[in-house]
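1. Below is the sequence, then the predicted model.
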Amino acid sequence: MKVLVIGAGGREHAIVARCAGECRPGELLAAPGNPGIAALARLLPLDPSRPEDVLEAVEREQVELTIVGPELPLSIGLADRFMAAGRLIVGPTQAAARLETSKAFAKAFMQRHRVPTARFHTCDSSDEALACVRSGGLGFPVVLKADGLAAGKGVVIAPDLASAEATIHDVMVDQRFGSAGARLVIEECLVGPEVSFFVLCDGRRALPIGTAQDHKRVFDDDRGPNTGGMGAFAPSPLVDAALGERVIQQIVRPVLDGMREEGHPFSGFLYVGLMLTGDGPKVIEFNVRLGDPETQVILSLIDEPLLPLLAAAARGDLRDAPVRLAAGARVGVVIASRGYPETADSGRAIDGLDAAARLPGVTVFHAGTAAHDGRIVTAGGRVLTVVGSGADYADAIARAYGGVSRISFDGMQYRRDIGRQAIRAAGPVAGRP
Ligand code: AMP
Ligand code: GLY
């Protein structure tokens, strides 16, 4: 099957790596890709934010299935164009993508369909927002979220009234996130561990394809500013079969049914960001795509061919039988450039990539890299994800950090504690699958 993967990060490298084992030579394309992806797929120099160009290339190359990594192309209607042209694509329409692209839509939708989530108010003006926080009805700390896409930076947890007021001023008056902040969702602050729950959807059905836990803060022990993700492990030891079933029944099922009833059936990957509260699992956010770096740790645990599943999702005829998931654990450590997340150094030569990749149970995925004069150099904030595959979390951690220790570049930074909480959570039977 001729396949095109859209995107250029570690997530897309992991998708391409999975597909590479299932495609014949020459059948795997990526756009725009990166130097790691280039070793496995032919790159097309396309801008994913130009749907017409992507569709034209797909027609020209006779691509049979397109898999979209990032949300941006979906938010501007790439899947709508494909569906209109009768081309298979893994990813939702622009209207269905509102589950991620508009937090106000997602919250109102959850309320309409009784999906458990934090109590909230949606505010269309700074006066309304100020009145909301001054009333104290949602308590403190309180969570303020810009409605639109804000590159993962649109959420502020305000500890008290003064800081909530300052944030409202920043977002709604000074427009720190541009038009993304024209509306603000204000919600109660939930407490509990966060887990990511992934399903593959075909508009009607949803099949679980794995769970993971991300490490969003830049420094060890969850200190420092939020990032796109500094590491992840899979599966989450906090999600057992009973909790998984509860998430399906109370969250995934009503979302799929509700989107279909409202005329926007959801197909593609749905990433359910959950907080496990004392009151049960509640939705923190939806993403209409796979996560990065979560993809790098979940995909290799899918213990059956991936492409038939993705093609079925795109066609709207997913089966009912569960996806087979392998035992074992995966731990992914992100290596970032000096200055990340505020700034990102680039152009530093990277050593040890081959030595790391030769280690058993170690896979290196590229994100912010570039090829320069025959060398791989850094080209962005998150540079690589090094994944360790092990029989249990401790084994996977040891392999991942064994890989990291072979790699070096000027200014590289990474967390030393990725996966440690999985061992704690799994308790004495460390490494349960
Ligand atoms: P989001 O961009 O929606 O993923 O939010 C970013 C982060 O903010 C999440 O990963 C949570 O850690 C935190 N967060 C978002 N909403 C809440 C909430 N209602 N209560 C507590 N933390 C939250
Ligand atoms: N790692 C979080 C995300 O992909 O949104």
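-> That came through, no problem. Ligands and ions are numbered 1, 2, ... in the order given.

2. what residue ranges in the stretch 151-300 of the chain are flagged as low confidence?
-> The stretch 151-300 of the chain contains residues with pLDDT under 70 at 151-152.

3. now with 50?
-> The stretch 151-300 of the chain contains no residues with pLDDT under 50.

4. Any residues of it in contact with ligand 1? List them.
-> Gly152, Val155, Ile157, Glu187, Cys189, Leu190, Glu194, Lys216, Gly273, Ile284, Glu285 (Cβ under 6 Å from any ligand atom). Quick note: C-beta positions are derived from backbone N, CA and C, even for glycine.

5. Report how many residues lie close to the last one.
-> For Glu285, the number of neighbouring residues by other Cβ atoms under 10 Å comes to 19.

6. does any part of the strand or helix carrying it sit near ligand 2?
-> Per DSSP states H and E: Glu285 is located in strand 280-287. Yes: using Cβ under 6 Å from any ligand atom, strand 280-287 reaches ligand 2 at Asn287.

7. Among the residues of the stretch 151-300 of the chain next to ligand 1, the buried ones, what's the PyMOL command?
-> Those of those that count as buried under 16 or more other Cβ atoms under 10 Å are selected in PyMOL with:
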select buried, resi 155+187+190+194+216+273+284+285
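
8. can you redo the residues of the stretch 151-300 of the chain next to ligand 1 as JSON lines with distance to Pro254 and secondary structure?
-> What follows is those, written out as JSON lines (distance: Cβ to Cβ, whole Å; DSSP: H, G, I helix; E, B strand; the rest coil):
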{"residue": "Gly152", "distance to Pro254": "26", "secondary structure": "coil"}
{"residue": "Val155", "distance to Pro254": "24", "secondary structure": "strand"}
{"residue": "Ile157", "distance to Pro254": "27", "secondary structure": "strand"}
{"residue": "Glu187", "distance to Pro254": "19", "secondary structure": "strand"}
{"residue": "Cys189", "distance to Pro254": "24", "secondary structure": "coil"}
{"residue": "Leu190", "distance to Pro254": "19", "secondary structure": "coil"}
{"residue": "Glu194", "distance to Pro254": "21", "secondary structure": "strand"}
{"residue": "Lys216", "distance to Pro254": "27", "secondary structure": "coil"}
{"residue": "Gly273", "distance to Pro254": "16", "secondary structure": "strand"}
{"residue": "Ile284", "distance to Pro254": "16", "secondary structure": "strand"}
{"residue": "Glu285", "distance to Pro254": "16", "secondary structure": "strand"}
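
9. which among the residues of the stretch 151-300 of the chain next to ligand 1 gets closest to Leu55?
-> Gly152 (27.6 Å; Cβ to Cβ).

10. chain center to the strand holding Glu285: distance?
-> Relative to its chain's centre, strand 280-287 lies at 13 Å (Cα atoms, centre = their mean, to the nearest Å).

11. and what of stretch 19-39?
-> Offset of stretch 19-39 from its chain centre (Cα atoms, centre = their mean): 20 Å.

12. can you check stretch 190-207 too?
-> That offset, for stretch 190-207, works out to 11 Å (Cα atoms, centre = their mean).

13. So it, near ligand 2 or not?
-> No: Stretch 190-207 lies out of reach of ligand 2 by Cβ under 6 Å from any ligand atom, never closer than 7.3 Å.

14. Please point out which parts of that stretch sit buried.
-> Buried residues in stretch 190-207, counted by 16+ other Cβ under 10 Å: 190, 192, 194-203, 205-207.

15. now do stretch 404-424
-> Buried residues in stretch 404-424 (16+ other Cβ under 10 Å): 404, 406-407, 409, 412, 414-415, 418-423.

16. Start and end of it, how far apart?
-> Stretch 404-424 has an end-to-end distance of 22 Å (criterion: Cα to Cα, to the nearest Å).

17. any idea of the mean pLDDT in it?
-> In this model, stretch 404-424 has a mean pLDDT of 97.

18. Please list all residues in contact with Gly9.
-> Residues near Gly9 by Cβ atoms under 8 Å, 6 or more residues apart in numbering: Asn34, Gly69, Pro70, Asp292, Ala367, Arg382.

19. For the residue in the stretch 301-433 of the chain that ligand 1 sits nearest to, which non-adjacent residue is closest in space?
-> Per Cβ to the nearest ligand atom, Pro341 is where the stretch 301-433 of the chain lies closest to ligand 1, at 13.2 Å. What sits nearest to Pro341 in space, not counting adjacent residues and going by Cβ to Cβ, 6 or more residues apart in numbering, is Thr227, at 4.5 Å.

20. Please list all residues in contact with the residue nearest to Gln421 when sequence neighbours are not counted.
-> Leaving aside its chain neighbours, Gln421 sits nearest to Gln213 (7.2 Å; criterion: Cβ to Cβ, 6+ apart). The contact partners of Gln213, taken as Cβ under 8 Å, 6+ apart, are Pro193, Glu194, Val195, Ser196, Ala232, Phe233, Ala234, Ser236, Leu238, Gln421, Ala422.

21. Ok, Ala311 next?
-> When contacts are counted by Cβ under 8 Å, 6+ apart, Ala311 touches Met1, Glu64, Leu65, Leu88.

22. what pLDDT, on average, does stretch 98-116 get?
-> 97.

23. one step back: residues touching the residue nearest to Pro341, list them.
-> Counting by Cβ under 8 Å, 6+ apart, Thr227 touches Lys216, Arg217, Val218, Ala336, Tyr340, Pro341, Gly381, Arg382.

24. and the residue lying closest to the last one once chain neighbours are set aside, backbone torsions?
-> I take that to be Arg382. Spatially, and ignoring its direct neighbours in sequence, Arg382 is nearest to Ala367 (4.7 Å; Cβ to Cβ, 6+ apart). Backbone dihedrals for Ala367, given as degrees, to the nearest 10, come out at phi -130, psi -90.

25. Show the pLDDT at Ala367.
-> Ala367 is assigned a pLDDT of 98 by the prediction.

26. so it makes contact with Asn34?
-> Yes: counting by Cβ atoms under 8 Å, Asn34 is a contact partner of Ala367 at 6.9 Å.

27. No further queries at this time; thank you.
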